[in-house]
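Asks: Sequence isn't available, so here's the structure alone:
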């Protein structure tokens with residue numbers, strides 16, 4: 001095991017990005033550093049051994065990276081792990097010890113300028129920018145005790161991150177669209193789990209009010225283009241407790257694989 005450890009904090013839905021950055025760090029600092037990849041606890045059964053590993057990583061790391069997206073910034077687990085290293089840093093600086101690099105790595109639409117307090121007091125980077133990735137690796141290099149040029153191809157790494165972001169934001173937009181309909185996403189996921197691979201399923205959404213119909217059609221034309229097909233029929237007016245509401249009957253054709261790919265995100 002390497003003598004020094006970098007703590008990489010992420011939520012389960014963003015594990016692919018965590019693995020990519022872990023591999024890049026271990027390739028860069030081969031033999032000098034181990035990257036401990038945490039999770040939000042949903043993919044690894046809870047238990048004392050797992051929590052002990054988290055504690056050891058937080059206490060012993062020489063640097064920490066936090067993958068921060070519009071989804072993860074709201075999660076308690078990320079904030080817990082950030083707070084632990086934050087306190088260590090305060091104690092280190094008071095005792096004249098080296099500062100622990102604590103790097104928010106923003107992705108999937110979140111930027112350092114959009115970080116809430118107190119995260120905005122840290123020197124965050126945008127993950128898909130090669131120059132900012134290089135800056136973060138140099139900060140960690142100093143903590144590791146290395147020097148000289150870096151061997152990582154940061155343009156190639158940024159391109160890989162962009163590809164992952166596109167997939168991840170696809171799931172986020174699917175969740176937004178489904179939320180407009182107000183149905184139980186668990187039922188949709190359970191239905192898709194029973195379908196043969198490679199098939200499509202049709203959501204019969206019933207009568208949908210006009211503003212939501214327009215928003216769903218916008219998803220079809222933009223964020224989810226090529227992934228869903230929306231059919232709008234029988235425009236008219238529905239009468240209920242709230243009075244008259246204009247709308248139409250809506251059906252959405254979507255791949256079963258799309259729902260299953262992002263089922264953890266849809267159910268979170």
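Replies: Perfect, I can see it now. As the structure is a computational prediction, the values presented were derived from the model and not from experiment.

Asks: Relative to residue 222, how far out is residue 158?
Replies: According to CB to CB, to the nearest Å, residue 158 and residue 222 sit 24 Å apart. C-betas here are computed from N, CA, C, even on glycine.

Asks: So residue 13 is in contact with residue 264, correct?
Replies: Yes - with contact defined as CB atoms under 8 Å, residue 13 counts as touching residue 264 (5.5 Å).

Asks: between the two, which one's more packed in?
Replies: Between residue 13 and residue 264, counting by other CB atoms under 10 Å, residue 13 is the more crowded of the two (24 against 16).

Asks: Skipping its backbone neighbours, what lies nearest the more buried one in space?
Replies: The shortest distance from residue 13 to any non-neighbouring residue, by CB to CB, 6 or more residues apart in numbering, is to residue 265 (4.8 Å).

Asks: For that neighbour, give me its contacts.
Replies: Contacts for residue 265 (CB atoms under 8 Å, 6 or more residues apart in numbering) come out as 13, 71, 171, 172, 175.

Asks: State the helix or strand in which it lies.
Replies: helix 263-267 (DSSP states H and E).

Asks: The helix or strand harbouring residue 230 pairs with which strands, parallel or anti?
Replies: Per DSSP H and E: residue 230 is located in strand 229-240. Strand 229-240 has the following strand partners under DSSP bridges: strand 243-255 (antiparallel).

Asks: Centre of the chain to the helix or strand just after the strand it pairs with, how far?
Replies: Next in sequence after strand 243-255, counting helices and strands by DSSP H and E, comes helix 256-261. Taking CA atoms, centre = their mean, to the nearest Å, the mean C-alpha location of helix 256-261 is offset from the chain mean by 17 Å.

Asks: Mind listing what's buried along stretch 182-193?
Replies: Buried residues in stretch 182-193, defined by neighbour count with 16 or more other CB atoms under 10 Å: 185, 188, 189, 192.

Asks: And stretch 92-100, by the same measure?
Replies: residue 100.

Asks: ok, and what's touching it?
Replies: 61, 62, 63, 64, 85, 88, 89, 91, 143.

Asks: how does it look with 10 Å?
Replies: 7, 61-64, 85-86, 88-89, 91, 139, 142-143, 145 (CB atoms under 10 Å, 6 or more residues apart in numbering).

Asks: Tell me which residues touch residue 232, please.
Replies: So residue 232 contacts 205, 208, 213, 214, 216, 217, 247, 248, 249, 250, 251 (CB under 10 Å, 6+ apart).

Asks: Closest one to residue 31 out of those residues, please.
Replies: Of all these, residue 31 sits closest to residue 216, with 52.2 Å by CB to CB.

Asks: burial count for that closest one?
Replies: When neighbours are counted by other CB under 10 Å, residue 216 comes out with 22.

Asks: That one contacts residue 228, correct?
Replies: Yes - with contact taken as CB atoms under 10 Å, residue 216 and residue 228 are classed as touching, separated by 8.6 Å.

Asks: picking that back up, for PyMOL, write a command that selects the buried ones of the contacts of residue 232.
Replies: Remark: buried members of these, expressed as a PyMOL selection using 16+ other CB under 10 Å:
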select buried, resi 205+208+213+216+247+248+249+250
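
Asks: want to try TSV for the contacts of residue 232, with pLDDT and distance to residue 116 as columns?
Replies: Putting those into TSV (pLDDT from 0 to 100; distance: CB to CB, whole Å) gives the following:
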residue	pLDDT	distance to residue 116
205	93	34
208	91	33
213	93	33
214	94	31
216	95	30
217	95	33
247	90	36
248	93	39
249	93	41
250	95	35
251	96	39
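
Asks: right, and the helix or strand after the helix ranked longest in the chain?
Replies: Secondary structure of the chain per DSSP state H: the longest helix is helix 154-181. Downstream of helix 154-181, the first helix or strand assigned by DSSP H and E is helix 185-193.
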